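K.L.:
here's my sequence, what's the structure:
(one chain, ligands or ions: 2)
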Amino acid sequence: MTQAPAPIARLAGAIAAGPVLTAWSSFPTPVTAGILAREAFDAVTIDMQHGAADFASVAAAIPAVHAAGKPVVVRIPVGEFQTASRVLDLGASGIIGPMVNSVEDARLLAAFTRFPPVGERSWGPFGALPASGLDPAAFLAAANRMTVVLAMIETRAALAALDDILAVPGIDGAFVGPADLSIALSDGANVDPTRQDVAEAIGHVAARCRAAGRIAGAFAFSGQQAASFVKLGLRFVAVENDTAHLRAGARAALQAARAS
Ligand code: 3PY
Ligand code: MG
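P.N.:
Ligands and ions are numbered 1, 2, ... in the order given. Sure, this is the predicted structure:
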């Protein structure tokens, strides 16, 4: 009987098989990340760029998500490429690098997330190795294949360098941040992830990723926006975040309570 792969090994295959809808946790604890993982999301992404996720909270949340059978993706803080290596060591399966605006940024992201010969990741997978169930040699052989690395496209510079970023060995695809992109495309005038020019830019990123055989993804600020991204062919889509779920649930309950 063939055994199902461990949760740490499931992300790349899930993205290849169909769109992955990920939860997005900006305030992770083992309890909240575990709760999200037990909803029908395909993965849980933990956000270290914004919100309150620090290294200790990521270390505590990963086993809770794995216990629910789901893989973990981590968005690292801007430019903190060494954090990418460290959260992969903990057992993350995917890395999202924010504000990757140049080929140089993309090369650094790849270098810290890929073992040689693709990159320069250093050995020390003390959480990932037991989570994989593999011995060290098998883990080393599988790690680059198991790990999904997405470069965030959320500035004019990133859009201009898109094809070159996608061509960097070790970069699996692009992940759009529609809020920052709306700020960039409006030259700082507003933040509106539903702007028409943002939608057009996401369509462009989807097309360039398809042409390059790369994964396109984006953060969706609503379920409807997530559905529109899936229709465009995006394969890794974040559906709101934990605080949005909390606020929406509270508002709906209070509205119902006060309506009577
Ligand atoms: C953005 O929309 O800019 C994001 O980074 C989403 O998290
Ligand atoms: Mg952003």
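K.L.:
CA atoms for contacts and neighbours, from now on please.
P.N.:
OK.
K.L.:
what mean pLDDT does stretch 232-240 get?
P.N.:
Average pLDDT, stretch 232-240: 98.
K.L.:
no, scratch that, I was asking about stretch 160-174
P.N.:
Here the average pLDDT along stretch 160-174 is 98.
K.L.:
where along the stretch 151-260 of the chain do the strands fall?
P.N.:
Counting by DSSP state E, counting those that start in this stretch, one finds strands in the stretch 151-260 of the chain at the ranges 173-176, 215-220, 236-239.
K.L.:
spell out which parts of the stretch 1-150 of the chain neighbour ligand 1.
P.N.:
Counting by CA under 6 Å from any ligand atom, none of the residues of the stretch 1-150 of the chain come close to ligand 1.
K.L.:
so which of the strands of the stretch 151-260 of the chain comes closest to residue 55?
P.N.:
Closest to residue 55 of those is strand 236-239 (CA to CA; 21.1 Å).
K.L.:
what packs against that closest one?
P.N.:
strand 20-25, strand 215-220, helix 223-232 (3 or more CA pairs under 8 Å, 6 or more residues apart in numbering; DSSP states H and E).
K.L.:
can I get the strands of the stretch 151-260 of the chain in CSV including mean neighbour count?
P.N.:
Below are the strands of the stretch 151-260 of the chain laid out as CSV (neighbours: other CA atoms under 10 Å):
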stretch, mean neighbour count
strand 173-176, 29
strand 215-220, 26
strand 236-239, 26
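K.L.:
just put the helices and strands packed on strand 236-239 in JSON lines and tack on distance to residue 85.
P.N.:
Formatted as JSON lines, the helices and strands packed on strand 236-239 follow (distance: least, CA to CA, whole Å):
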{"stretch": "strand 20-25", "distance to residue 85": "20"}
{"stretch": "strand 215-220", "distance to residue 85": "21"}
{"stretch": "helix 223-232", "distance to residue 85": "29"}
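K.L.:
now render the strands of the stretch 151-260 of the chain as a markdown table, adding distance to residue 46.
P.N.:
Below are the strands of the stretch 151-260 of the chain laid out as a markdown table (distance: least, CA to CA, whole Å):
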| stretch | distance to residue 46 |
| --- | --- |
| strand 173-176 | 15 |
| strand 215-220 | 13 |
| strand 236-239 | 11 |
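K.L.:
need these in JSON lines (columns: distance to ligand 2).
P.N.:
Below are these laid out as JSON lines (distance: least, CA to the ion, whole Å):
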{"stretch": "strand 173-176", "distance to ligand 2": "8"}
{"stretch": "strand 215-220", "distance to ligand 2": "9"}
{"stretch": "strand 236-239", "distance to ligand 2": "13"}
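K.L.:
of all those, which one is nearest ligand 1?
P.N.:
Closest of those to ligand 1 is strand 215-220, at 5.1 Å (criterion: CA to the nearest ligand atom).
K.L.:
show me what that closest one is packed against.
P.N.:
Secondary-structure packing of strand 215-220 (3+ CA pairs under 8 Å, 6+ apart): strand 173-176, helix 178-185, helix 196-212, helix 223-232, strand 236-239.
K.L.:
quick one: check that strand for contact with ligand 1.
P.N.:
Yes - part of strand 215-220 sits near ligand 1 under the criterion CA under 6 Å from any ligand atom, namely residue 219.
K.L.:
just checking: what are the partner strands of that strand?
P.N.:
According to DSSP bridges, strand 215-220 has the following sheet partners: strand 173-176 (parallel), strand 236-239 (parallel).
K.L.:
okay, it in CSV with CA atoms only?
P.N.:
Presented in CSV, the C-alpha positions along strand 215-220 are these (Å, rounded to 0.1, in the frame of the first residue of the first chain):
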residue,chain,number,x,y,z
ILE,A,215,2.8,29.3,-11.0
ALA,A,216,0.8,32.5,-10.7
GLY,A,217,-0.8,33.4,-7.3
ALA,A,218,-2.3,36.4,-5.5
PHE,A,219,-3.8,37.5,-2.2
ALA,A,220,-7.6,38.0,-2.5
